[in-house]
Every structure is written in structure tokens, then in C-alpha cells.
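[1] sequence and computational prediction follow.
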Protein chains: 2
Amino acid sequence: VAPPSLAAGIDVGGTKCLGVVITPDGTVVREEKWPTPRGGDAIIEVLAELADALRPWDTLGAGVAGLVSRDGVLRAAPNLPGVRELAVRERLSAKLGAPVWVDNDASCAAVAEWRFGVAQGAHEVVLVTLGTGIGGGHVVEGRPARGANGFAGEPGHMVVDPNGPPCVCGGRGCWERYASGAGLIRFAREAAEGGRLDRAVDLAGGEVEAVRGEHLRAAALEGDHDARVVFDLFAWWVALGLVNLTNLLDPELLVIGGGLAEAADLYLDGVRRHVGELLYAPSHRPHPRIEVAHLGERAGAVGAALLANFPDG
Amino acid sequence: VAPPSLAAGIDVGGTKCLGVVITPDGTVVREEKWPTPRGGDAIIEVLAELADALRPWDTLGAGVAGLVSRDGVLRAAPNLPGVRELAVRERLSAKLGAPVWVDNDASCAAVAEWRFGVAQGAHEVVLVTLGTGIGGGHVVEGRPARGANGFAGEPGHMVVDPNGPPCVCGGRGCWERYASGAGLIRFAREAAEGGRLDRAVDLAGGEVEAVRGEHLRAAALEGDHDARVVFDLFAWWVALGLVNLTNLLDPELLVIGGGLAEAADLYLDGVRRHVGELLYAPSHRPHPRIEVAHLGERAGAVGAALLANFPDG
């Protein structure tokens, strides 16, 4: 049997569905970006139409943020309001008359970075997507490590301070309250309220509540000290979580992906420095390399296209 | 080639070295317990003598608390003062004229529980040893998951509160400051200082500073409310770390080993209840089973004896 020549992958995000078709060397030959509809039934419908729009393809995979079981059921999806227990694999497969592979979007991104991106050749890699929340993927010797049920890789809800701010998950002090876009904005507003972020507040039109990532980033790029202090605090929290992951998993490579990867020039050095300070027994071990993802917003879709290579999960 | 019929394993602890010889079905046919000497050279010497005392055997493995690299170098060992960068595998192998396998003691215990203990048949199991500190082992489909360098499985130094008490590792708020024997005693003394642990203080001769685990346990077994509250606080912290591990690794089984496993009847139900409360998306996933290790203090030595089954690390 000849290997599949065209692999389709769809990344189902909170606002958009990004579909790609790739050749075996990772070249993207088609791409479609559609809005994500509301509700499970509508999502299945749109995925089927998008899959048809991407034809021809030989295999199809989908990556979705949330808890995806090994049999392709989206059990819970924080970014897709009201969607739970959605049998994506079974329903989409029935509509298309073809097998479909489904996994967590960050696991897909990790596979994609391992195959075509910054993690090529790495024996053990952990990818974290820093965006509104935090996702995670873990690839060992080229295979996604999924855990017993497929739910491995939710570092965003690792508790790093039980007295910390409440999380959407119902817990307190989850890592994604600090090392995400939401965390960065909270640090910025706390600094602004304390009168320690004047330039970014100026850029936001003088309103503390209006400070967004773009203002903070612009101020930092101008060299504003206060904005850089906020990014360093952010970097410290990113590092804290990466150190926890390293103490548990000992990856050779940590990859930072997600929307905040674009601003990594403002915090990556800080993350590396703080990881070196926080790591257990730092002088008696190689430190993990820490790099920024290469595949950008396509990582999830490209990785979804690769899922058919892991047919037995 | 016939499989080895007698496998020797030595668990190198802070105070004693426990050596066993097992048959393929796990029966312990010989056992030796010797004091652990001070210093790396003395440890190699004693291990060689102990290995000779255990003869005949066909293979030999050793488990040591600390960071053990994939090539069998003990890089750092918190329980063995002054010992670091000790080439256990190479030096012991040269002395004995036989290959030796070396790994972290908690990884050994996890392998042993998977092969002969409570975790038989589990596809993915995480074992934590709760004692003076916390160790960890992770077995996937019967093989230890060691990470890129062999240093995976140090959950004790996962930071769960950056403002928490200082840790021996130089950090703050590591999980082993809470969910270990040291943590339990700290909770007890804090309660006692607040006048909320009278019975255990009585049992300790009326001195708050004299309260040890045995007094706390005796009071709890009598049904003392205050002592049970301390165990429930301990259970909450054990659960917090186990939830972090589950959000990352999604094991089907979590095993509690180490010295504190003996007192599990006083906190295991609490751990299970708190894990159910703290887990991410608890109503949309199977919860991991949580069980107490079966092999007791021999687990590390039995697992060390099994290391020869994983020759390529």
C-alpha cells in the first residue's frame, strides 16, 4: 500500500476552524479558515463541510482544545461554550464515510513541531501553548504521550498557588492564571493600578482598564522599564511551570507555542534565566533547551493532519 | 539463552542498604540489610560487599534516591550527604566484573509494584513515595518513563506555592514541604501551637516540639477530632500534588508508597475525596484509582532487581 500522499487536518479553535492539506514533506497545499459556529451539532456540520472543501485528501484529522478521549470524544471544551461529550470522531466519520482521527489541539501542535518544526529530532519534547489559557503536548520518540484516557497534557490546570486567583475550571491558582495572556494582562493592570506602568497606560489612552497586550508590548519594545518588569514577572511564572514540568518529565526540549509565542522576544531570555534558577539540582543536570514554536498558527492543523500516523492512539 | 533465574537488587537508602535476591515470580529468596556508610567511595565498597554476600545471582541492579542519569551516575543525592557525581554503575560493575543497572529508587519501586504489586496490569501508573521527602516513578506499558536524561519523576520539587516554606533544594513551597512526613509534622505542630491538638501533645509528654508522627497517629486512631483534622489537611496537600500529576500524565492508577503508606488508613479516603474535588473537569473523565503500595519497604530493592529487564534504559 502506498503511503497517503495528501493529509488534511483541521484545528478547531474557539473562534475559527483552520483547515490545511499537507504533502508528506509538510508543504501546505491548501488552507481554509472558517468561523467556528456555536454548539456541538453545528460544529460537526461545519467540520464536515470544511473537510469537503479541503478535498482531495487521503486522511483527515482534527485537533480540538479540551479533553479528548482516546476514542475521539470531546469530553469537555472550555473554549467552546456548551459543548461537551461530543463524539467528534464517530459523527464526523459517519458523515464523511471515512475514518477520522481526533486529538487535543496542543498535542497536535507538539506532533507538528516534532515532525516539521523546532523540535525535529528531539527524543522527548514538551510543548506548551500560551494563549488565553495554556495547553500542552508531550511527544516521546516521535509519538504523542496521551495517558490512560487521552487526557494527559493539561498543564494549565496544574495548581501553583492554592491561595491564588480563582480559575474558570473551579480551582484556584492554576498555572494558566499566571502564564497566559490573561495572566499577563492581570500583572499589567496590577502594575498600572500601583502607578508603575505609565507608558503602557498612556498608549492605552490613559485608562488602566484599557491596557491590553499590545500596549504593554509596544511600551516594552520602546525600552520602557516598567513594561519590562511586567514581562519579567510573566517570564518568572512561565519558568515556574516549565520547571515543574521538567522535574516530572525531564524533556530535552521545551517549546513555547500559542498566541503569546509571537511576543517571545520580550520574555524568552527571562524564562531561560528563571528556569536555570528554579530547576531542582541545577548544577548536576543538563538544562532543557527552551525554544519558540516554528509553525505559528498552523501548528495545530498540521499536527491534526499527522494523527493518522498514530492509528492505535 | 535461558532467562536469568536469580536477580539481585539493592535499595540504597539514607540509613540502610536493603539487598534482595528474587526468582522470576518475585519470591524473595535472600535478603540483607546493612547500614549505609558515609561518602561515595565507602558506598561503592559496601555495595560491592553486599552484592557478594547476596550471591549467587545472575543480574544485579541498584536503586538510589536522587538524580540518576541514564548511564548510571548518581548526579545528586539529597539523602546521602556529600555524595554527588558518583559513577555507581561503572565503578560497581568494574569491582564485580559484571554489568550493573542503576536507577532512581522510586522508579524502581514503581516497576516493582507494576510487576508484582498493586499496579499489576496497569497501562499507566504513577507511584509517589511519601516519606521524609517525596520520590516518584512513572511506568507506561510496563516500562519506566525516565525522560531525556533519566531524571523524570521528581514530583517532590514541583512548586505548589511560591510563597511557601523554604525547601532543602533551595526553592520554596515544593510539594514535599507539605505531603511528606516533614509536612505532616509541620501541620501537627502548627495545630498544637494554636492549641488545637491537645491529645497528641499529651501523648508526646505535653511538649509541642516533641509531637511526632506516632503521637499524631495514635491520637487519630483513638478518634481524636483534632488529629483527624491534621490528617485531612495532609490529605488535601497529597491530593493537590496527585491532581497536578494527573492533569499532566493522566495515569489510570496512582500508588502511594514510602514510609507514610503505612498510615494510609488515616488519610487515603481523604486523598480520594479531595482528588475528586480538585481534578480538572471531574465530571467528564474517569478518575484515577488511588491505592497503597503492596510491597512495603522491599519495593525499591525488588524493582532494582528488575532493572536488567530494561537494558536499553
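    Received it, and whenever you're ready, just let me know what you need.

[2] make it CA atoms for all contacts and neighbour counts henceforth
    OK.

[3] can you name the residues bridging to the most centrally placed residue in chain A?
    Residue closest to the mean C-alpha point of chain A, counted by CA atoms, centre = their mean, is residue A:129 at 2.6 Å. Assessed by DSSP bridges, residue A:129 has beta-bridge partners residue A:135, residue A:257.

[4] please apply the same query to residue A:19.
    Beta-bridge partners of residue A:19, as defined by DSSP bridges: residue A:10, residue A:32.

[5] hmm, residue A:10 and it touching each other?
    Yes. The pair formed by residue A:19 and residue A:10 meets the contact definition of CA atoms under 8 Å, at 4.1 Å.

[6] tell me, what's touching those two both at once?
    A:51, A:301 (CA atoms under 8 Å, 6 or more residues apart in numbering or on different chains).

[7] helices of the stretch 151-300 of chain A, start to end?
    A:181-193, A:198-203, A:213-221, A:225-249, A:268-278, A:299-306 (DSSP state H, counting those that start in this stretch).

[8] closest one to residue A:112 among the ones you listed?
    For the helices of the stretch 151-300 of chain A, the distance to residue A:112 is smallest for helix A:299-306, at 4.3 Å, taking CA to CA.

[9] check which helices and strands that closest one sits against.
    Other helices and strands packing on helix A:299-306, by 3 or more CA pairs under 8 Å, 6 or more residues apart in numbering or on different chains; DSSP states H and E, are strand A:7-12, strand A:16-22, strand A:59-64, strand A:101-104, helix A:105-116.

[10] between the second one and helix A:299-306, how many degrees?
    Strand A:16-22 and helix A:299-306 meet at an angle of 50 degrees, taking axes from the mean of the first three to the mean of the last three CA atoms, to 10 degrees as the criterion.

[11] and the helices and strands packed on helix A:299-306 as CSV, adding distance to residue A:207, mean pLDDT and mean neighbour count?
    Below are the helices and strands packed on helix A:299-306 laid out as CSV (distance: least, CA to CA, whole Å; pLDDT from 0 to 100; neighbours: other CA atoms under 10 Å in any protein chain shown):
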stretch, distance to residue A:207, mean pLDDT, mean neighbour count
strand A:7-12, 34, 98, 30
strand A:16-22, 30, 97, 24
strand A:59-64, 36, 97, 28
strand A:101-104, 38, 96, 31
helix A:105-116, 35, 97, 29
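
[12] any chance of JSON lines for these, columns distance to residue B:153?
    Formatted as JSON lines, those follow (distance: least, CA to CA, whole Å):
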{"stretch": "strand A:7-12", "distance to residue B:153": "32"}
{"stretch": "strand A:16-22", "distance to residue B:153": "36"}
{"stretch": "strand A:59-64", "distance to residue B:153": "29"}
{"stretch": "strand A:101-104", "distance to residue B:153": "24"}
{"stretch": "helix A:105-116", "distance to residue B:153": "21"}
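
[13] among the ones you listed, which is nearest residue B:308?
    helix A:105-116 (30.8 Å).

[14] contacts for that closest one?
    Against helix A:105-116 from outside (CA under 8 Å, 6+ apart): A:11-12, A:25-26, A:62-66, A:119-122, A:125-129, A:135-139, A:142-144, A:153, A:293-295, A:299-304, A:306-307.

[15] could I have the buried ones of the residues you listed as ChimeraX selection syntax?
    Entered in ChimeraX, the line below selects the buried ones among the contacts of helix A:105-116, by 16 or more other CA atoms under 10 Å in any protein chain shown:
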select /A:11,12,26,62,63,64,65,66,119,122,125,126,127,128,129,135,136,137,138,139,142,143,144,153,293,294,295,299,300,301,302,303,304,306,307
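
[16] the residue nearest to residue A:221 when sequence neighbours are not counted and chain B: what is the separation?
    Leaving aside its sequence neighbours, residue A:221 sits nearest to residue A:266 (CA to CA, 6 or more residues apart in numbering or on different chains; 7.8 Å). To chain B, residue A:266 is 23 Å away according to CA to the nearest CA, to the nearest Å.

[17] show the contacting residues for residue A:266.
    A:217, A:220-221, A:228, A:231 are the contacts of residue A:266 under CA under 8 Å, 6+ apart.

[18] deepest-packed of the helices of the stretch 151-300 of chain A, please.
    Of all the helices of the stretch 151-300 of chain A, helix A:299-306 carries the top mean neighbour count, a mean of 32, counting by mean count of other CA atoms under 10 Å in any protein chain shown.

[19] flag every residue of chain A that's near chain B.
    Proximity of chain A to chain B, by CA under 8 Å from any CA of the partner chain, involves residues A:75-76, A:85, A:123-124, A:146-155, A:157-162, A:169, A:171, A:240, A:243-252, A:278, A:280-281, A:284-286.

[20] now, which of those residues lie within strands?
    A:75-76, A:85, A:124 (DSSP state E).

[21] go ahead and confirm residue A:37 touches residue A:47.
    No. Between residue A:37 and residue A:47 there is no contact, the gap being 9.9 Å when judged by CA under 8 Å.

[22] of these two, which one has the most company?
    Shown here are residue A:37 and residue A:47; by other CA atoms under 10 Å in any protein chain shown, residue A:47 has more neighbours (26 against 18).
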